[in-house]
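A.B. asks: could you look at this predicted model? Sequence included:
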Amino acid sequence: MRNYFEVVMEEPKQSPFAMNPARVLILVLGVMIIIIAISTSMGGINAYQALREANAEATTGAAPADGAPVAVAPAQ
């Protein structure tokens, strides 16, 4: 009959850096948090929508919604 210490000593030791399902989940959640933090620091989705609208107005030459005059530089 084998005792407990013989069984424990025969198990191969896993590397402390080996990827297991729990560590993969933690890694994925960390990446998601970093992406959300970067997105928030850049102004979020509303700033992106405002940038698209400003670009569309600039390329079509339409006046802004608030009625402010638009200075257009002559084409060179």
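C.D. replies: Great, that's in hand.

A.B. asks: this protein: helices as residue ranges?
C.D. replies: Using DSSP state H, the helices of the chain run over 4-10, 21-41, 44-60.

A.B. asks: can you list those in TSV and add mean neighbour count and mean pLDDT?
C.D. replies: In this view, the C-beta of every residue, glycine as well, is placed from N, C-alpha and C. TSV is the format used below for the helices of the chain (neighbours: other CB atoms under 10 Å; pLDDT from 0 to 100):
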stretch	mean neighbour count	mean pLDDT
helix 4-10	8	63
helix 21-41	10	93
helix 44-60	11	84
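
A.B. asks: give me the neighbour count for residue 20.
C.D. replies: 8 (other CB atoms under 10 Å).

A.B. asks: ramachandran coordinates for it?
C.D. replies: phi -120, psi 170 (degrees, to the nearest 10).

A.B. asks: do the same with residue 15
C.D. replies: phi -60, psi 140.
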